[in-house]
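Chemist: Task: produce atomic coordinates for the following.
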Amino acid sequence: MNENNELLMHIYKTSEMGVYTTKTLLDYIRNKENKIKHVLECELKEYEDFMIRSKEILESEEIEPKGNNLMAKMGSDMGIMMETIKDNSDPALASMIIQGITMGVVEMESKINKYKTVCNKKTMNMANDFLKFQENEIEKLKTFM
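Modeler: Residues are numbered from 1 along each chain as shown. From the prediction side, this is the model:
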């Protein structure tokens, strides 16, 4: 797989996990009065958009996008469940989400630095847009702390 496709696969995999975890969290707080719900719903749409866009490009290259494995999703699911049982307040949820997105930011920055001289402009633009989206989400979530 070439570098463009590796970077696109990373965007796909990260956004796919973002979709999964955001839906899971929204499910856990469905009947609660959390003000953070609106931010999460908007975040979900952005993750879905990046997932669809990266998937379409990969499929045009005849590459089947691979999401996260079941164990990663189950671990994430358990972590979300345990954290929301402990404390489902907006500050606690924002902190948990910020931690997850921060890990994604670090990984994305690493990938961008690794591939910046070998990937095409379209792929790098998408990677940088994804990074900016993640950074912006962190800033939005900080308002709930």
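Chemist: If you count neighbours, what's buried in the host helix or strand of residue 79?
Modeler: When elements are assigned from DSSP states H and E, residue 79 belongs to helix 70-86. For helix 70-86, a neighbour-count test (16 or more other CB atoms under 10 Å) marks 73, 76, 77, 80, 83, 84 as buried. Yep, even glycine has a C-beta here, placed from its N, CA and C like the rest.
Chemist: C-terminal to it, what's the next element?
Modeler: helix 90-115.
Chemist: Buried residues, that following helix. List them.
Modeler: Buried residues in helix 90-115, defined by neighbour count with 16+ other CB under 10 Å: 90, 92-98, 100-101, 104-105, 108, 111-112, 115.
Chemist: and the helix or strand immediately after it in the chain, what does it pack onto?
Modeler: The helix or strand immediately downstream of helix 90-115 is helix 121-142, counting by DSSP H and E. Applying 3 or more CB pairs under 8 Å, 6 or more residues apart in numbering; DSSP states H and E, we find helix 121-142 packed against helix 3-28, helix 37-60, helix 90-115.
Chemist: closest one to residue 68 among those helices?
Modeler: Closest to residue 68 of the helices and strands packed on helix 121-142 is helix 3-28 (CB to CB; 4.9 Å).
Chemist: residues contacting the residue nearest to residue 73 when sequence neighbours are not counted?
Modeler: Nearest non-adjacent residue to residue 73, counting by CB to CB, 6 or more residues apart in numbering: residue 20, 5.7 Å away. By CB atoms under 8 Å, 6 or more residues apart in numbering, residue 20 lies in contact with 68, 73, 76.
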